[in-house]
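Q: Generate a structure from the sequence data that follows.
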Amino acid sequence: MGPATTEACTGDTDSPPLPDEGASVLVLAPSMSRDVDACCVGLACREDPADANLLAVELDGTVDDVVGRWDRHCGRTPARTAVVTAGESTRSAAAAAGGESMSLPGSSVSVTSVSSPGDLTGLGIKVSQCLTSWDDADGELALCFRSLTTLLQFAELERVFQFVHLLTQRVEASGARAHFHMDPNAHDDQTVATLRSLFDDVRELGPDGEWRRR
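A: Numbers count the residues shown, from 1 in each chain. Alright, predicted model coming up:
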């Protein structure tokens, strides 16, 4: 399977969807939409995944979901992938307590977890530690955060706002590219607008199945 096309997220063949270095993008789409995965991969990596570094915060699933997403849309996971999950029930059977490394063809996947999606301090520490450890890494550096909708089920909007604000600042300082998923149908307009203000760009999946930049 070849790499995901750059048109997967924008619908604009003249400009790739990949954010600038240090930028953070809000992805607005229903949580169960099948169109989201291709967009996710397209926002994370422009070049061959063999040269990429991915930090995936997977509050909605497991490390197996991350690996499967990249395998379906790109043929492989990035060469170096770190996955942070939340809670024992969301973790892959391959991930032991406290974190573990998995060997996949052409890739190295490290897995760790926090006790709950509401552990914003723990999440922030793990993301910062990973980005710091990759300061001198070769290749592209991307953060995928799934999802703000889950986060808001465990923490108040004000806390989530402050957490995301600090996280996007950390992304900018590291020169990484980040995208954060959110289901707009699960929140009122004011909540979506409040969090939108933190991002450099917004990609929204329309009812016609087309992605739009906002």
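Q: For the residue nearest in space to the middle of the chain, name its beta-bridge partners.
A: Centroid-nearest residue in the chain: Cys144, 1.1 Å away (criterion: CA atoms, centre = their mean). Beta-bridge partners recorded for Cys144 (DSSP bridges): Ala56, His179.
Q: Quick check, it in contact with Ala56.
A: Yes. Using CB atoms under 8 Å, Cys144 is in contact with Ala56, at 4.7 Å. Just so you know, the C-beta spots here come from the backbone N, C-alpha and C atoms, and that holds for glycine as well.
Q: Contacts only, for Ser31.
A: Ser31 sits next to Asp60, Ser147, Thr149, His181, Asp183, Ala186 when contact means CB atoms under 8 Å, 6 or more residues apart in numbering.
Q: Let me have the residues you listed in JSON lines, extended by pLDDT and secondary structure.
A: Formatted as JSON lines, those follow (pLDDT from 0 to 100; DSSP: H, G, I helix; E, B strand; the rest coil):
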{"residue": "Asp60", "pLDDT": "85", "secondary structure": "coil"}
{"residue": "Ser147", "pLDDT": "95", "secondary structure": "coil"}
{"residue": "Thr149", "pLDDT": "97", "secondary structure": "helix"}
{"residue": "His181", "pLDDT": "96", "secondary structure": "strand"}
{"residue": "Asp183", "pLDDT": "96", "secondary structure": "coil"}
{"residue": "Ala186", "pLDDT": "95", "secondary structure": "helix"}
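Q: Using a markdown table, lay out those residues together with distance to Gly42 and neighbour count.
A: Output for those, formatted as a markdown table (distance: CB to CB, whole Å; neighbours: other CB atoms under 10 Å):
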| residue | distance to Gly42 | neighbour count |
| --- | --- | --- |
| Asp60 | 19 | 17 |
| Ser147 | 17 | 24 |
| Thr149 | 21 | 20 |
| His181 | 13 | 23 |
| Asp183 | 19 | 21 |
| Ala186 | 23 | 16 |
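Q: which among those residues gets closest to Asp201?
A: Distances from Asp201 to the contacts of Ser31, taken as CB to CB, are shortest for His181 (13.9 Å).
Q: what's the closest non-adjacent residue to the closest one?
A: Ser147 (3.9 Å; CB to CB, 6 or more residues apart in numbering).
Q: What of Val67?
A: Using CB to CB, 6+ apart and skipping residues adjacent in sequence, the residue nearest Val67 is Thr77, 5.5 Å away.
Q: right, and that neighbour touches Asp65 too?
A: No. Applying CB under 8 Å as the test, Thr77 and Asp65 come out as separate, 11.7 Å apart.
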